[in-house]
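Sequence first, then the predicted structure:
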Amino acid sequence: MPRRLDPREVREDFPIFSDPKWRDLIYLDNAATTQKPRHVIEAIADYYSRRNANVHRGVYELSVEATELYERARRKVAEFIKARSWREIVFTRGTTESINLVAYSWALRNLKRGDKVVLTEMEHHSNIVPWQTVCGLTGASLSYIPVNEEGYLDLSELDKCLKGAKLFAFTYASNVLGTINPVGELVKAAREHGAVTVIDAAQYVPHAPVDVAGIGCDFLAFSGHKMCGPMGIGVLYGRSELLEEMEPFQGGGEMIREVRLDGSSWNEVPWKFEAGTPNVEGAVGLAAAIDYLSEFGMDQIRSHELRLTERALELMAGVPKIGLVGPENPKDRCGLISFTLADVHPHDLAEFLDAKFRIAVRAGHHCAMPLHTKLGLTATTRASFYVYNHEGEVEVLARALREALTYFMVS
Ligand code: PMP
């Protein structure tokens, strides 16, 4: 039986919320990073207190144990996202590094002048900039699937857009609009055109069940720190056949089989992509985070966030002069809401919410400048939810926004 998700009880699992300084904090910046439960903090402390050694190279017991922990974490990740094999899981520093790995190890070597890379207008900079760089180096061209007024991808010309594409990279869920994209349909269309698919799942894996084998994508990236895990650890899922034929991303220790003065050969997948001493602490922490989230089950986490999003959209829609960004239907959204309030600058609003209501939200372009340009905005304020947020907090947010109108003398 999964543990019942009662957000007020869940809050008790997170030491930061019992710190006298942050006891009354309403933390709504989970799309940027989540807080860490005791379980994860203790797993990391335990690793350093009782199991720390460098991995893979040691023959002594402590190093063997550390290696086991690291590799067990990989197996746990594989199971969590339903990969066919643990060999399809590469540990990276995060989503950004995972996408760069594909850009440099796959795209740089497989694209040539005249080839086409397709993205969408709702991408985070980390799913735009690496492709711009690689297209600049190879002479391949870049095009974008447009976003419509309702905040969805305009798929009316999908086939036309994908014609001749070598690679299609898109987000599972937008970190600004909240839109959850129909990834199965997008992958299917890409496959029909022979394009390799890369999914940025930074805003989805932490919040709902994911089945990479079922989706059929070639690559999928996410970060540990947005799902209760530590910073500095992330995952690249890659389909075995592709990982096998790819060249390494970085060179150094661990990723080699043999080094001679006149050349080198590579280790097996996935270690071929993990040059140097890996982030063992990060992998251990991520495994603990997966255990923690699995207590509730990802379906229950999704339902909880959906309820919160529904309530928040309903309450926020009643605030005068608010501009809600993204799909109206909460079911099409992940648990985040970006908005504008009259002509109050999002930075001023975020400071007001923090100073007067202890509400932490993010303000700015959220690393999605092209999308903001498309929306005709320079910045938005974003509230994003997780397992420890409850309806009472959403109600305070709606009240605070009304008070902001008075405070900023919006008439
Ligand atoms: N993609 C999306 C959709 C994101 O929201 C983020 C984090 N803001 C990233 C990529 C980058 O993740 P990281 O900074 O952990 O590499």
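The structure has been received and is ready for your questions.

how about the strands in the stretch 1-150 of the chain?
Secondary structure of the stretch 1-150 of the chain (DSSP state E, counting those that start in this stretch): strands at 26-27, 89-92, 116-120, 141-145.

Same list, these, but as JSON lines with mean neighbour count, mean pLDDT and distance to Met369 please.
Every residue, glycine included, has its C-beta placed from N, CA and C. JSON lines is the format used below for the strands of the stretch 1-150 of the chain (neighbours: other Cβ atoms under 10 Å; pLDDT from 0 to 100; distance: least, Cβ to Cβ, whole Å):
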{"stretch": "strand 26-27", "mean neighbour count": "22", "mean pLDDT": "98", "distance to Met369": "25"}
{"stretch": "strand 89-92", "mean neighbour count": "26", "mean pLDDT": "98", "distance to Met369": "24"}
{"stretch": "strand 116-120", "mean neighbour count": "24", "mean pLDDT": "98", "distance to Met369": "14"}
{"stretch": "strand 141-145", "mean neighbour count": "16", "mean pLDDT": "98", "distance to Met369": "13"}
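
Of all those strands, which one is nearest Asn181?
Nearest to Asn181 among those is strand 116-120; the distance by Cβ to Cβ comes to 7.8 Å.

returning to what we had before: of the strands of the stretch 1-150 of the chain, which is nearest the ligand?
strand 89-92 (8.6 Å; Cβ to the nearest ligand atom).

ok, back up a step: in TSV: the strands of the stretch 1-150 of the chain, plus distance to Glu393.
Listed next are these as TSV, based on distance: least, Cβ to Cβ, whole Å:
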stretch	distance to Glu393
strand 26-27	5
strand 89-92	33
strand 116-120	31
strand 141-145	35
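
Reformat these as CSV; add distance to the ligand.
Formatted as CSV, the strands of the stretch 1-150 of the chain follow (distance: least, Cβ to the nearest ligand atom, whole Å):
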stretch, distance to the ligand
strand 26-27, 16
strand 89-92, 9
strand 116-120, 11
strand 141-145, 15
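
which one of those lies closest to Asn279?
Using Cβ to Cβ, the nearest of those to Asn279 is strand 89-92, at 6.8 Å.

for that closest one, packing partners?
helix 61-80, helix 95-101, strand 234-238 (3 or more Cβ pairs under 8 Å, 6 or more residues apart in numbering; DSSP states H and E).

Deepest-packed of these, please.
Highest mean neighbour count among the helices and strands packed on strand 89-92 (mean count of other Cβ atoms under 10 Å): strand 234-238, with a mean of 28.

now what about that strand, what contacts it?
If you take Cβ atoms under 8 Å, 6 or more residues apart in numbering as the criterion, strand 234-238 is touched by 77, 81, 83, 88-98, 101-102, 212, 217-224, 246, 270, 273, 286.
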